[in-house]
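**Student:** generate coordinates for the sequence data below:
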Amino acid sequence: MGSQSVLLGRTSDRNSKLGGFVRVQVLGGSPPHLSRDGIGPIGMLLPDLGILVDYGIGHRRLPEGEAVITPFPIPADQEIRYVILTHIHNDHAGLVPWVMKRFPKAELVTTLPTLELGRAVWSDLHAIGRRRGYPGLVPWNTSLYEEICRRTIIVREPGWTHLAKGARVYFGPNGHVRGSAYVVIESDGKRVAWSGDVSYYDTPTVLEQIDAVPHALGSFPLATTKVSRPARRAGSRHSSAHRTILRRKPLPE
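**Tutor:** Here you go, the predicted model:
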């Protein structure tokens with residue numbers, strides 16, 4: 001998946017704006033060629049708000065070994081105020097320490113289980129990277145983790161968390177792994193949702209939580225765990241449910 005800006009599901013020029021929509025730039029995803037031999041990294045940028053949602057690391061199995069795959073770069077002139085993390089799997093969270101180090105004023109917004117599990121996940125990724133010839137890919141030490149914790153807004157229960165300049169983010173449960181969430185970001189009355197991973201096995205997901213998803217969304221990017229028949233069926237069911245959002249109740253204010 002290439003770097004692109006999305007307005008209500010339509011690709012647009014990076015500099016374009018349409019009234020009533022949140023501009024979204026997709027920085028990562030799982031292209032078709034990774035469906036059987038690897039995992040693609042995930043990332044979504046809201047450039048006008050300075051918000052990054054997830055920023056992971058992927059891999060691809062090749063005949064000569066395993067290759068690391070990173071998302072498309074964050075534009076050099078882009079300011080990041082907030083990093084919103086849906087869950088701690090590598091393809092969504094792997095490069096968050098790198099982002100937090102590069103943007104020393106950014107704040108991480110995530111659930112407490114995700115933050116606590118991050119200590120082990122990011123430490124392991126750092127060690128694996130060193131062994132496989134990518135020593136600087138995931139920066140890590142105790143001081144960096146403690147700094148990330150100091151700059152984290154912890155979400156302890158479903159609901160709205162207020163950010164700067166009138167923006168806010170809603171965290172709702174979507175199963176998948178401990179601490180996992182889907183998010184809805186709102187600014188100036190405009191909303192965009194990000195599903196996190198949609199599990200196709202028997203766990204509570206955004207699909208079962210669809211009544212809580214707000215109406216009048218600008219766009220609703222959907223992620224799933226694997227490109228398989230069960231996953232595609234879950235995605236299809238989810239998309240069908242998404243079409244009914246306008247008839248559903250809004251999120252609690």
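**Student:** thought G159 was touching Y170?
**Tutor:** Yes - look at G159 against Y170 with CB atoms under 8 Å: they come within range, at 6.8 Å. Yep, even glycine has a C-beta here, placed from its N, CA and C like the rest.
**Student:** of those two, which one has the most company?
**Tutor:** Counted by other CB atoms under 10 Å, G159 and Y170 do not tie: Y170 has more neighbours, with 22 against 13.
**Student:** can you pull the contacts of that one?
**Tutor:** 158-161, 183-186, 214, 251 (CB atoms under 8 Å, 6 or more residues apart in numbering).
**Student:** just to be sure, it is in a strand?
**Tutor:** Yes - assessed with DSSP: H, G, I helix; E, B strand; the rest coil, Y170 lies in a strand.
**Student:** who does it form a beta bridge with?
**Tutor:** W160, V184 (DSSP bridges).
**Student:** do you know how far it is from V68?
**Tutor:** When distance is defined by CB to CB, to the nearest Å, Y170 is 33 Å away from V68.
**Student:** now P158
**Tutor:** From P158 to V68 the distance is 34 Å (CB to CB).
**Student:** check I57 too.
**Tutor:** 6 Å.
**Student:** overlap in contacts, these two.
**Tutor:** In terms of CB under 8 Å, 6+ apart, I57 and V68 are both contacted by the residues L137.
**Student:** would you mind telling me which of these two has the busier surroundings?
**Tutor:** I57 (26 against 17).
**Student:** nearest spatial neighbour of the more buried one, chain-adjacent residues omitted?
**Tutor:** In space, and not counting its chain neighbours, I57 is closest to G94: 3.2 Å by CB to CB, 6 or more residues apart in numbering.
**Student:** you'd agree that neighbour is up against D54?
**Tutor:** No - here G94 lies out of contact with D54, judged by CB under 8 Å, at a distance of 9.5 Å.
**Student:** find the residues that touch each one of those two.
**Tutor:** Residues within reach of G94 and of D54 at once, by CB under 8 Å, 6+ apart: there are none.
**Student:** burial count for D48?
**Tutor:** Around D48 there are 14 other residues, counting by other CB under 10 Å.
**Student:** please report how far it lies from Q25.
**Tutor:** Plainly put, D48 is 10 Å away from Q25 if you go by CB to CB.
**Student:** top helix in this protein by residue count?
**Tutor:** Taking DSSP state H as the criterion, the chain has its longest helix at helix 112-131.
**Student:** residues of that one that come out buried?
**Tutor:** Neighbour counts using 16 or more other CB atoms under 10 Å place 114-115, 117-119, 121-123, 125-126, 129 of helix 112-131 among the buried residues.
**Student:** of these, which is the nearest to H89?
**Tutor:** Comparing these against H89 with CB to CB places V121 closest, at 8.1 Å.
**Student:** verify the contact between the closest one and I88 for me.
**Tutor:** Yes - between V121 and I88 there is a contact under CB under 8 Å: 5.3 Å.
**Student:** wait, M100 touches R151, no?
**Tutor:** Yes - M100 is within contact range of R151, at 6.9 Å (criterion: CB under 8 Å).
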